[in-house]
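Novice: Provided below are the primary sequence and the corresponding predicted coordinates.
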Amino acid sequence: MNNMLKHTVQVVTLLAMLLPGTHAFARDDQKMHPIEEALNSAAAKEKLDPAIKLYFGNQATPAIEKNYGEWKTNKKTNGFNKSDREACEWTLLSALLELQDRARKEGGNAVIKIKSNYKNQETSSETEYMCGSGTLMSGVALKGEVAKLK
């Protein structure tokens, strides 16, 4: 075998040995976080529209005048220099703002039955939401029904 071919075989062999191990360094932690803490943050109080109410899980709502259907959102944020909690709260806020924007566009005044839908796995809770945190990114995916409440 000539030197060039021998060197190429060595490099390919080394890469084949190293690549499967890179998954061990990847992180995908999925954790439930308290909704109330996120909603009580200064950013949430400043940015969320109090005229468009948010109801999580099976929380009781006033009578529904009109239902505009279910809408999904999937938001991610850079987790660099943030704790998982900070990144998750920021991402939840972004997802809720998108749902409120959809309610505004459809003519609704609430988003009801909000549930986590991280990696298409639904988790319904009145008190917690699912957030996935990786090495570089955090993500929150939600589903909710836009409604006009009486």
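Specialist: Yep, that arrived. Numbering: from 1, shown residues only.

Novice: For the rest of this, base every contact and every neighbour count on C-alpha atoms.
Specialist: Will do.

Novice: three-state assignment of Ala38?
Specialist: At Ala38 the chain is in helix, as set by DSSP: H, G, I helix; E, B strand; the rest coil.

Novice: Also the one 5 residues further on?
Specialist: Under three-state DSSP, the three-state class of Ala43 is helix.

Novice: ok, it to Asn117 distance?
Specialist: 23 Å (Cα to Cα, to the nearest Å).

Novice: neighbour count winner among these two?
Specialist: Asn117 (21 against 13; other Cα atoms under 10 Å).

Novice: Next, the buried residues of the longest helix anywhere in the chain.
Specialist: The longest helix of the chain (DSSP state H) is helix 84-106. By neighbour count on 16 or more other Cα atoms under 10 Å, the buried set for helix 84-106 is 84-85, 87-104.

Novice: average model confidence for that helix?
Specialist: For helix 84-106, the mean per-residue pLDDT is 97.

Novice: okay, the angle between whichever helix or strand comes after that helix and helix 84-106?
Specialist: Next in sequence after helix 84-106, counting helices and strands by DSSP states H and E, comes strand 110-118. Strand 110-118 and helix 84-106 are oriented at 140 degrees to each other (axes from the mean of the first three to the mean of the last three Cα atoms, to 10 degrees).
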